[in-house]
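>>> My questions are about this predicted structure, shown below with the sequence.
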Amino acid sequence: MQSTRTLKDRLFLIIKGLGMGAANKVPGVSGGVVAFVAGFYEEFIYSLQRINKTAFKLLFNRRFRSFYQYINGKFLVLLFFGMIISYFSVSKILDYFLKNHELYVWSLFFGMIIGSIYYINKNFKDWNYKSILSLAMGITLGIGISFLDPAKENDNLVFVFFCGIISVSGMTLPGFSGSFILIILGNYVLLLVDSVNALYDTFSELLTGDFSFVKNTIRLRLLTVLGMFTLGSVVGLVTFSHVLSYVLKHYKSITTASIIGFIIGSLGVVWPWKNTIYKLHDDGHFLIDSRGEKIIANYERFLPELNSETYIAIVYTFIGILIVLALEWYGQRTNKTHV
């Protein structure tokens, strides 16, 4: 684990957080893949695992500095700082490009997933019947999830808490897209669009001295939903990290093979050439979110025609692969510099 970080390292760690935050918001893409390929996945899991009974004892005894050092606080703070910034900046930009250049964005992510598969598989040599079976199960589960029909939106706080636990898996388990799981659970727009926008609007109003949101029942409900979702995410993040730390220690080959399978299975979700299927009312009209946009239900995939648009998309796919290779190079360089 890294003990000292230069200003450059800290900046890059924030950028990695930006990457994880943006990836977590895109259905089919896993923030855990960013951590895995960029070379800080094990430190990420290790740091989260340190949030345990010992950490809470230090915290309750007001030994804040010891608590901060024990949980590798500098690493986690910088990483999560990048993720938070991402939700209010990079993800907004990503929303714009998904709306206006959807094919090229999906092509870029498709290439990044392919590059991730190459990277992980290249360093994995322990193939046997158990790991092959785990690979097949991971692929099957990944593909199966991508073809599930989404449920209806549900703002029950217990269910929202459960959504938080499940969705955060994309940060800890590479290839398992938490945002796509939220689409399947029916709460993607509620939790990653409407609630986040409500928080953004509230902060904007507070900066101008406007406290009128306290009388806005819809806003308060969305903020409550976001708070419960965040609580579930924190619980899920810490819980998953402990489970993953254990299985990586005792069943590393099987776990890695399953991760490769998950990532291969997720290719179906990020396949660039697809038509978006939207949710409908019983009367046949489109369901609309708080921004006045149609709510995504799933995707209908097809093979592309060979034209200039397709060729450009293929170029973006190769750019995505190159981005992953660059991340791999930087991750290896960083690991050699810091022990």
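That came through, no problem.
>>> From here on, just use CA atoms for contacts and neighbour counts.
OK.
>>> Could you find the closest non-adjacent residue to I314?
S107 (6.8 Å; Cα to Cα, 6 or more residues apart in numbering).
>>> quick one: contacts for that neighbour?
270-272, 313-314, 316-317, 320 (Cα atoms under 8 Å, 6 or more residues apart in numbering).
>>> can I get those residues in CSV with distance to L223, pLDDT and neighbour count?
Converted to CSV, the contacts of S107 look like this (distance: Cα to Cα, whole Å; pLDDT from 0 to 100; neighbours: other Cα atoms under 10 Å):
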residue, distance to L223, pLDDT, neighbour count
V270, 30, 78, 24
W271, 34, 85, 20
P272, 34, 89, 26
A313, 39, 95, 22
I314, 41, 95, 18
Y316, 37, 94, 22
T317, 38, 94, 25
G320, 36, 87, 24
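>>> now, which of these sits nearest A35?
Distance to A35, by Cα to Cα, is smallest for G320 among those, at 15.7 Å.
>>> The closest one reaches W106, doesn't it?
No - if you go by Cα atoms under 8 Å, G320 and W106 don't touch, sitting 9.8 Å apart.
>>> which stretch of helix or strand covers the residue nearest to I314?
Element membership for S107, per DSSP states H and E: helix 102-122.
>>> in that helix, what counts as buried?
Using 16 or more other Cα atoms under 10 Å as the test for burial, helix 102-122 gives 102-117, 119-120.
>>> Next, the buried residues of the helix or strand that comes right after it.
Downstream of helix 102-122, the next assigned helix or strand under DSSP H and E is helix 129-146. Neighbour counts using 16+ other Cα under 10 Å place 131-143, 145-146 of helix 129-146 among the buried residues.
>>> For helix 129-146, name the packing helices and strands.
Packing partners of helix 129-146 (3 or more Cα pairs under 8 Å, 6 or more residues apart in numbering; DSSP states H and E): helix 252-265, helix 267-270.
>>> which residues are in contact with the first one?
Just to be clear, that refers to helix 252-265. Contacts of helix 252-265 (Cα under 8 Å, 6+ apart): 113-114, 116-117, 120-121, 124, 126, 130-132, 134-143, 173-176, 247-248.
>>> 6 Å instead, please
Residues outside helix 252-265 that contact it (Cα atoms under 6 Å, 6 or more residues apart in numbering): 131, 134-135, 138-139, 142-143, 175.
>>> so which pair among those residues is furthest apart in space?
S131 and I143 (18.2 Å).
>>> picking up where we left off before, out of the helices and strands packed on helix 129-146, flag the one nearest I218.
helix 267-270 (32.4 Å).
>>> what helix or strand is L199 on?
Residue-wise, L199 maps onto helix 195-207 under DSSP H and E.
>>> can you check S179 too?
With DSSP H and E as criterion, S179 is part of helix 178-185.
>>> just N275 next, same as before
N275 belongs to strand 274-278 when assigned by DSSP H and E.
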